[in-house]
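Asks: Let's see this in three dimensions:
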Amino acid sequence: MDLTADQPQILLLAGTVEARVLAKKILERFPTVRLTASFAGAVKDLPDLGVPTRIGGFGGIEGLCQYLQTEKVSLIIDATHPFAAQMSRNAFHAAEREDVAILRLERPAWQQAPNDLWHPVASMDDAADAIPDGAHAFLAAGRKEIATFYRRGDIIGTARMIEPPPAPLPDHWSLVLSRPPQSAEEEVELFQEKGITHVVTKNSGGTRAYAKIEAARQMQLPVIIVDRPELPSTDTAATVNDVLDWTDKFLNT
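Replies: Numbering: from 1, shown residues only. Alright, predicted model coming up:
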């Protein structure tokens, strides 16, 4: 007899710091659930969440629907990055089609402070267009997005990412391979060392990558900030604790 058949199955779409915390706290608070974490696999340096884990895409909405059926998933917790729009959309539509509950962890976006010099844009392409001629831009872009800026032969770029991009950076650019520091002082030091004149970033929200916003504020650097993509309307939670409380109500209803 399969003793796990009647246990709730939760699919945690991971890829954020919050997802790491959630994996641990869900098991602590709901020890009888079956929890599987899923990573898109965009980077190889993945954390061990201590739960069964799958890596890679599902094969679009159809593939995700098949997975939900096979694994008898009763709840999807979407804790992907705010800009992982395609995965969030696929999760929403698959959950709707299979009548599976879904909750999206939607960390609050960063808000512009009075001394911030923000220039909001709608996409990375627009961000590339918005950089002035001759600028030395700090580019907080993903390894698959950085090539969007290569066409700007009239600028210098310093790009930071966890792993090298598929195509090498232009010869006169520099690459910083690291995760974002949490200290604004470290960011100020980097910006001064590189002679940064503009910062380009997504409005990711959260505290993990906020230091560059603080550093730009201190140095009065313009920030070209990409607005978040629009996602389907669904139940959302702003914090890990909110997700746990929502899940508690769902499991006990």
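
Asks: Report how many residues lie close to residue 56.
Replies: Here the number of neighbours of residue 56 (other CB atoms under 10 Å) works out to 9. From N, CA and C alone the C-beta is placed, and that goes for glycine too.

Asks: actually residue 161, not the one I typed
Replies: 21.

Asks: go on, residue 99?
Replies: Neighbours around residue 99, by other CB under 10 Å: 8.

Asks: do residue 130 as well
Replies: 18.

Asks: Domain map for this protein?
Replies: 9-107+231-251, 117-226 (automatic domain parsing).

Asks: Find out how far the first one is from the centre of the chain, if you would.
Replies: Meaning domain 9-107+231-251. 13 Å (CA atoms, centre = their mean, to the nearest Å).

Asks: Repeat that for the shortest one.
Replies: For domain 117-226, the gap between its own C-alpha mean and the chain's C-alpha mean amounts to 16 Å (CA atoms, centre = their mean).

Asks: any chance of the domains of the chain in a markdown table, with mean pLDDT too?
Replies: Below are those laid out as a markdown table (pLDDT from 0 to 100):
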| stretch | mean pLDDT |
| --- | --- |
| domain 9-107+231-251 | 93 |
| domain 117-226 | 95 |
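
Asks: show me the contacts for the spatially most central residue of the chain.
Replies: The centroid of the chain falls nearest to residue 81 when counting by CA atoms, centre = their mean (2.0 Å). Contacts for residue 81 (CB atoms under 8 Å, 6 or more residues apart in numbering) come out as 15, 16, 204.

Asks: How about the secondary structure of it?
Replies: Following DSSP: H, G, I helix; E, B strand; the rest coil, the label given to residue 81 is coil.

Asks: Can you tell me how far it is from residue 116?
Replies: Going from residue 81 to residue 116 by CB to CB, to the nearest Å gives 22 Å.

Asks: Also residue 140?
Replies: 15 Å.

Asks: Residue 36 too?
Replies: For residue 36, the distance to residue 116 - CB to CB - is 40 Å.

Asks: Helices of the stretch 51-200 of the chain, residue ranges please.
Replies: 60-71, 85-98, 124-130, 184-194 (DSSP state H, counting those that start in this stretch).

Asks: buried stuff in the last one?
Replies: The reference is to helix 184-194. 184, 187, 188, 190, 191, 194 (16 or more other CB atoms under 10 Å).

Asks: Just flag the most distant two among those.
Replies: Across the buried residues of helix 184-194, the longest distance by CB to CB is 15.7 Å; it joins 184 and 194.

Asks: could you pull out the strands for the stretch 1-150 of the chain?
Replies: 9-13, 34-39, 53-55, 75-78, 101-105, 117-121, 136-139 (DSSP state E, counting those that start in this stretch).

Asks: Go through the helices of the stretch 51-200 of the chain and name the closest to residue 200.
Replies: helix 124-130 (5.2 Å).

Asks: Residue 80 - how many residues pack around it?
Replies: With other CB under 10 Å as criterion, residue 80 counts 24.

Asks: Verify the stated contact: it with residue 15.
Replies: Yes: if you go by CB atoms under 8 Å, residue 80 and residue 15 touch, sitting 4.9 Å apart.

Asks: so what's in contact with the two at the same time?
Replies: Joint contacts of residue 80 and residue 15 (CB under 8 Å, 6+ apart) are residue 40.

Asks: With neighbour numbers in mind, choose between residue 140 and residue 116.
Replies: The neighbour comparison of residue 140 against residue 116 (other CB under 10 Å) goes to residue 140, with 24 against 17.
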